[in-house]
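Novice: Structure for this input, please:
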Amino acid sequence: MTVNQQIQLASRPTGEPTADNFRLVQETLPDLQDGQVLVKHHWLSLDPYMRGRMNDGKSYAQPQPLDAVMIGGTAGEVVASKNPHFAVGDKVVGMGGWQQYAIVDASQRGVLQKVDTTHVPLSAYLGAVGMPGATAWVGLTDIIAPKAGETVVVSAASGAVGSAVGQLAKVRGCRAVGLAGGPDKCAYVVNELGFDACIDYKQHPDLRSLSKALKEACPDGIDGYFENVGGMILDAVMLRMNAFGRIAFCGMISGYSGEPIPMTNPSLILVSRLKLQGFIVSEHMGLWPAALKELGGLVATGKLKYRESVAEGLAAAPEAFLGLLKGRNFGKQLVKLA
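Specialist: Have a look, this model is predicted:
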């Protein structure tokens, strides 16, 4: 008899979410059926997309159901198996959700992936060599498609996605410029990740100031922009975009609680002949093998660096998630479960 703890969505937030929107419950798991495996989660991934799933409005994915375990990527170990393709001790990643254990029908293709932790730590498969890394790779290579010598800018540059975008841009011979909140994050982006420059947006409270900082950091203009934030940052970047620039829209965290995100000068799209494209990485699964091959090689050889913010224990997940939405995390936000 395995006792499992999980966090469910208890109510939908109005405006900013709070800890009261979540509920910690306990259950006894049933015995395994043929084809199933029992996974003990070691790591839970917390990601900004989860905020959108908490709403019940129209979006690119179905809303997170109420009174059900919160959606989330997980990495762990098979502790019991009735599936010939998975053995006890296998390290695996999947979408096990905010819980300590998950029973997975492993006969469904793709729901559970074995991973090799010889050269890449298990937790990295939820970050640099997982969905965030693949998101960075797809947005950069497929939409921005930078050429050597071009300038690529990324917002939320110290986060799990943004940090990978800039480092991949440097691998491709580009000038990489980040935007991040606070001097510590900016110093990390430049000194540890190898970006050419990083702008502390907290020091530039208005459009004119931020535009001036971007002009100084990007003297040859901006050819590609990886968008994670929206709002005034997007307005400032658009003022500096070169003709035929490309913008990959990955996230708009400035509006995740329902605030409108107006665009100050949309005529720049026409004037500069810009390409703006939103994307969801799960709709580009054909690109994942190439992405994860490059990302895994770079992490294994120490050429792609990453940082993790770790909350301890399942009960800490809601507050860690709320902190993520406020930018309190530094790098990839994880919850350590085992």
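
Novice: Would you tell me what helix or strand the residue most central in space within the chain is located in?
Specialist: Central residue of the chain (C-alpha atoms, centre = their mean): Pro132, 4.0 Å from the mean position. Secondary structure from DSSP states H and E places Pro132 in helix 131-138.

Novice: which of the residues in the helix or strand bottoming out on mean pLDDT in the chain are buried?
Specialist: The least trusted helix or strand in the chain, going by mean pLDDT, DSSP states H and E, turns out to be helix 49-53, with a mean of 92. Using 16 or more other C-beta atoms under 10 Å as the test for burial, helix 49-53 gives 49-53. From N, CA and C alone the C-beta is placed, and that goes for glycine too.

Novice: Also stretch 121-140?
Specialist: In stretch 121-140, counting by 16+ other C-beta under 10 Å, buried: 122-140.

Novice: How about stretch 291-309?
Specialist: 291-292, 294-296, 298-299, 304-309.

Novice: Can you tell me what sits against that stretch?
Specialist: With C-beta atoms under 8 Å, 6 or more residues apart in numbering as the test, stretch 291-309 has contacts from 119-120, 123-124, 127-129, 133-134, 137-138, 141, 158, 160, 163-164, 167-168, 171, 188, 192-194, 320, 329-334.

Novice: if we go to 6 Å?
Specialist: For stretch 291-309, contacts defined as C-beta atoms under 6 Å, 6 or more residues apart in numbering pick out 119-120, 124, 127-129, 133-134, 137, 167, 192-193, 329-334.

Novice: mean confidence for the helix holding Pro132?
Specialist: The average pLDDT within helix 131-138 is 97.

Novice: partner strands of the helix or strand just after it, parallel or antiparallel?
Specialist: Next helix or strand after helix 131-138 toward the C-terminus (DSSP H and E): strand 151-154. If you go by DSSP bridges, strand 151-154 pairs up with strand 175-180 (parallel), strand 222-227 (parallel).

Novice: Heading C-terminal from the least confident helix or strand of the chain, find the next helix or strand.
Specialist: Following helix 49-53 in sequence, per DSSP H and E, is strand 74-81.

Novice: Quick one: mean pLDDT for that following strand?
Specialist: On average, strand 74-81 scores 98.

Novice: Show me what that strand is packed against.
Specialist: For strand 74-81, the elements it packs on are strand 36-45, strand 91-94, judged by 3 or more C-beta pairs under 6 Å, 6 or more residues apart in numbering; DSSP states H and E.

Novice: Touching that strand from outside, list them.
Specialist: 32, 37-44, 86, 88, 90-91, 93-94, 96, 122, 125-126.

Novice: where does it sit relative to the chain's centre, distance-wise?
Specialist: Per C-alpha atoms, centre = their mean, to the nearest Å, the displacement of strand 74-81 from the mean C-alpha position of its chain is 23 Å.
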